[in-house]
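**Student:** fold the following.
(chains A and B)
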Amino acid sequence: MSEYTPFEMIAYTGSRILEDEKIVFVGTGLPIIAAMHAQLTHAPNLYMIYEAGSLAPILDMGMPLSVGDTRAARKACYLKGLCGAFELTQRGCADYAFIGGAQVDIYGNICSTIEGQNYDKPGIRFPGSGGAGAMAANCEKTIAIMALEKRRFVKKLDFVTSIGFGDGSPDYRDKAGVLGSGPYRIITNQALFGFDEETRRMMLLEVKPGRTPADIQDLVDFELIIPPDVKDMVEPTDEDLRLLRDVIDAEGYFLKRVIKK
Amino acid sequence: MNSASSKIKNISSLEYKEKKLEYWGPTPDESRKLMVNKSHALKDKTMTLKDAVAKHIRNGINLGIGGFVNTRVPVSIIHEIIRHGATDLTLSFQSNSICPELLAGAMILDPDRVSIRRVELAWWGYEIIGIAPMLRHLATNGIIEMDDYTNYGMSVRFKAASMGIPFIPVRDHGGSDMELVNRGKMIECPFTGKNVYLLPACHPDVGIVHTTAADMYGNARIFGAYCTCPEIAMAANTTIMTTEKIIDTESIRSYPNLTEIPFPVVDTVTEVPYGAYPGASYGGYWFDMDHLKMFRSICEDFRKTGSKDALKKYYDEYIFGCENHDDFIDKIGYKTIKKLRDLDGGQPIILT
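**Tutor:** Residues are numbered from 1 along each chain as shown, chains lettered A, B, ... in the order given. The predicted structure follows:
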């Protein structure tokens, strides 16, 4: 088994989660790579929606560098604009939202708007919701990628950009007027999380081989549900790494990024 | 109208100024009246971009910006607006990179020439290239007022305006902090009895869009993703359009299904090849990552050091040192343009 990087582990885990004959609404970067990897392996009939307007493109010009990249429109089945793409989700055609964010809380709510308490003069201003808020609301299941750090897995978000299970009450999403069933998986390079059906709280599902549930809890600022049957994350094979490195992101735009400390 | 709310207040401790439920541009009634009173003749609307901008861009307007992030962004129009000058602007767009950054940079260099008062948006950044330094500077210093929606929210607000309706129900924003800070409103649906979020229509005073092809009347084709360009053009009181290529009306009439923007909503048409550069235009050219990185790093240096020297040099060279977009593309040079054409790979478009 070859050595793999954190980004490669995230992309591979993302791929594992995506099922065949489903539609995934992808965000820029690792979600695109994960979906391309799934298409090349276990899910040849997985289709992507890109929010600029394309459904089920064939990416034979190479990996789109952004969800607005003209390459994402290549050989699509259906090509409209943002309204067309998001209305597919409101109508119920998108099985997965695949997004990222700056912070997540115990109920899978995600922040990508500001850091700080004051909206009108925030400590840090992030780009904003983009498509994420709409995807988390109306795709059927939300998958999110996050770096596993205490400052990102927080007790309280500064700003809820993408709705999860809100305050955890059973009717939170219904009262919010959104349609999708909500958070499904949170992917990090060291652990995979799901959500407890009863309490809607984040639950540890898998850990990177060599890590313990306690190691993961140390990196999370709220109390995780840790079931007795936590599994080891499956590691990418040499063939998976070849696909990721040489076929999907051959230029290393996303997988070869250096992590800023 | 029954008022309702989600449970967002149970989890939010955000401090924010509550916004009045009002339009940040023309009201639906004003916009309707203006459209009714416009000439609806099939007439030649071609003119220079300088004339188009001088005729329609005023201080205090809501400027609706087309494209999406780095795709078919109306850069040539933005350059001309900066040369012309426009203050106290409200910007409306879903997701954009260099267009609002260019306007913000112009504001930092000379707020008497260009200034932004507030922005209704979903996203402002460069995606893979990085965050938008000017946004971060303006927002964290409380210099501009922000109003946040999702990409669907902003797109469908233009769509509501394009449909001539004052608001539109959506199934997002609710239960997020956007519900608190933006000008949408949660109500109880009169038919289902369940909560549904309403967004106000967005009518820009002036919409700016770059299209793949158009005839001299403004009937326009878009290849690749439409982004929200048809809706913005339809929603705006006035639409300034640049296009990669002006084509014969005979071609438009042969394939009327391909027309995405109809002539009555278009006020000016200018043929500007590479008009989205350094953004991309499907079937023509890919985006120029090197140029975007260069401009972004100049902005980031300003944000970190406060020095405007490099910024001023960029504007003097590429905007004020150019009469028009041809001059700008001349400075970029053939080799770069050729590379970007190759990177597009000749995506199929129909111009005949």
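
**Student:** could I get the full set of helices for the chain?
**Tutor:** No chain specified, so I'll use chain A. Along chain A, the segments classed as helices by DSSP state H run A:6-17, A:30-40, A:82-91, A:132-138, A:172-176, A:213-218, A:238-242.

**Student:** oops, chain B please
**Tutor:** Taking DSSP H, the helices of chain B run over residues B:28-37, B:49-56, B:75-84, B:98-109, B:133-140, B:151-163, B:178-181, B:229-235, B:249-254, B:289-305, B:309-318, B:325-332, B:334-344.

**Student:** quick check: residue B:47 touching residue B:266?
**Tutor:** No: counting by Cβ atoms under 8 Å, residue B:47 does not reach residue B:266; the two are 11.9 Å apart. For glycine as for every other residue, the C-beta is placed from the backbone atoms N, C-alpha and C.

**Student:** the more surrounded of those two?
**Tutor:** When neighbours are counted by other Cβ atoms under 10 Å in any protein chain shown, residue B:266 comes out ahead of the other of residue B:47 and residue B:266, with 25 against 16.

**Student:** residues in contact with residue A:73?
**Tutor:** Residue A:73 makes contacts with A:50, A:52, A:53, A:54, A:57, A:79, B:224, B:225, B:282, B:347, as judged by Cβ atoms under 8 Å, 6 or more residues apart in numbering or on different chains.

**Student:** of those residues, buried ones?
**Tutor:** A:50, A:52, A:53, A:54, A:57, A:79, B:224, B:225, B:282, B:347 (16 or more other Cβ atoms under 10 Å in any protein chain shown).

**Student:** ok, residue 158 - contacts?
**Tutor:** Picked chain A for this. Residue A:158 neighbours (Cβ under 8 Å, 6+ apart): A:103, A:111, A:114, A:115, A:116, A:117, A:122, B:14.

**Student:** to clarify, I was referring to chain B.
**Tutor:** Residue B:158 neighbours (Cβ under 8 Å, 6+ apart): B:64, B:92, B:201, B:202, B:228, B:231, B:232, B:234, B:235.

**Student:** and for the residue of the stretch 51-200 of chain A found nearest chain B, nearest residue in space, chain neighbours not counted?
**Tutor:** Relative to chain B, the nearest point of the stretch 51-200 of chain A is residue A:176 (2.7 Å; Cβ to the nearest Cβ). In this structure, residue A:176 finds its nearest non-sequential neighbour in residue B:175, 2.7 Å apart by Cβ to Cβ, 6 or more residues apart in numbering or on different chains.

**Student:** so the one you found sits against residue B:7, correct?
**Tutor:** Yes: here residue B:175 reaches residue B:7: they are 6.9 Å apart, a contact under Cβ under 8 Å.

**Student:** can you name the residues that contact the residue nearest to residue A:176?
**Tutor:** Residue B:175 sits next to A:137, A:160, A:163, A:166, A:172-173, A:175-178, B:6-8 when contact means Cβ under 8 Å, 6+ apart.

**Student:** can you pull the pLDDT of the closest residue to chain A within the stretch 251-352 of chain B?
**Tutor:** Residue nearest to chain A within the stretch 251-352 of chain B (Cβ to the nearest Cβ): residue B:282, separated by 4.2 Å. The score at residue B:282 is 97. That number is its pLDDT.

**Student:** phi first, then psi, for the residue nearest to residue A:176.
**Tutor:** phi 80, psi 0 (degrees, to the nearest 10).

**Student:** what stretches of the chain score poorly on pLDDT?
**Tutor:** No chain in the question, so chain A it is. A:1, A:259-261 (pLDDT under 70).

**Student:** chain B was what I was after
**Tutor:** In chain B, residues with pLDDT under 70: B:1-2.

**Student:** tell me which residue of it lies closest to chain A.
**Tutor:** Closest point on chain B to chain A, by Cβ to the nearest Cβ, is residue B:175, at 2.7 Å.

**Student:** please name the nearest non-neighbouring residue to the most centrally placed residue in chain B.
**Tutor:** In chain B, the centroid-proximal residue (Cα atoms, centre = their mean) is residue B:65; its distance is 1.2 Å. Of all residues not flanking residue B:65 in the chain, residue B:93 sits nearest, at 4.1 Å (Cβ to Cβ, 6+ apart).

**Student:** correct me, but that neighbour touches residue B:69?
**Tutor:** No: taking contacts as Cβ under 8 Å, residue B:93 lies outside contact range of residue B:69: 10.1 Å.

**Student:** where exactly do the strands run in the stretch 101-250 of chain A?
**Tutor:** Per DSSP state E, counting those that start in this stretch, the stretch 101-250 of chain A carries strands over the ranges A:103-104, A:110-111, A:114-115, A:124-125, A:141-145, A:182-187, A:191-195, A:202-207, A:231-232.

**Student:** picking up where we left off before, so which of the helices of chain A gets nearest residue B:291?
**Tutor:** helix A:30-40 (23.3 Å; Cβ to Cβ).

**Student:** identify all contacting residues around that closest one.
**Tutor:** Outside helix A:30-40, the residues that touch it by Cβ under 8 Å, 6+ apart are A:7, A:10-18, A:20, A:24, A:26, A:46, A:48, A:59, A:63-64, A:67, A:98-100, A:143, A:145, A:240, A:243-244, A:247-249, A:254-255.

**Student:** of those residues, buried ones?
**Tutor:** Buried among those (16+ other Cβ under 10 Å): A:7, A:10-18, A:24, A:26, A:46, A:48, A:59, A:63-64, A:67, A:98-100, A:143, A:145, A:240, A:243-244, A:248-249, A:254-255.

**Student:** chain B next: which of these are close?
**Tutor:** The residues of the buried ones among the contacts of helix A:30-40 that also fall near chain B, by Cβ under 8 Å from any Cβ of the partner chain, are A:67, A:254.

**Student:** got the residues of the stretch 151-300 of chain B near chain A?
**Tutor:** So the stretch 151-300 of chain B meets chain A at B:151-153, B:155-156, B:159, B:170-179, B:181, B:186, B:194-197, B:224-231, B:280-282, B:286-287, B:289 (Cβ under 8 Å from any Cβ).

**Student:** circling back: which one of the contacts of residue B:175 has the most neighbours?
**Tutor:** residue A:163 (35 neighbours).

**Student:** find the nearest non-adjacent residue to that residue, please.
**Tutor:** That would be residue B:175: by Cβ to Cβ, 6+ apart, it lies 4.5 Å from residue A:163.

**Student:** what do you get for residue B:47?
**Tutor:** residue B:268 (5.5 Å).

**Student:** these two touch, right, the one you found and residue B:241?
**Tutor:** Yes: with contact defined as Cβ under 8 Å, residue B:268 and residue B:241 form a contacting pair (6.6 Å).

**Student:** quickly list what's touching both of the two.
**Tutor:** Contacts common to residue B:268 and residue B:241, judged by Cβ under 8 Å, 6+ apart, are residue B:218.

**Student:** for these two, indicate the residue with more neighbours.
**Tutor:** When residue B:268 and residue B:241 are compared on other Cβ under 10 Å, the one with more neighbours turns out to be residue B:241, at 28 against 21.

**Student:** measure the more buried one to residue B:229 for me?
**Tutor:** Residue B:241 sits 9 Å away from residue B:229, going by Cβ to Cβ, to the nearest Å.

**Student:** any residues in contact with both of those two?
**Tutor:** B:209, B:210, B:211, B:261.
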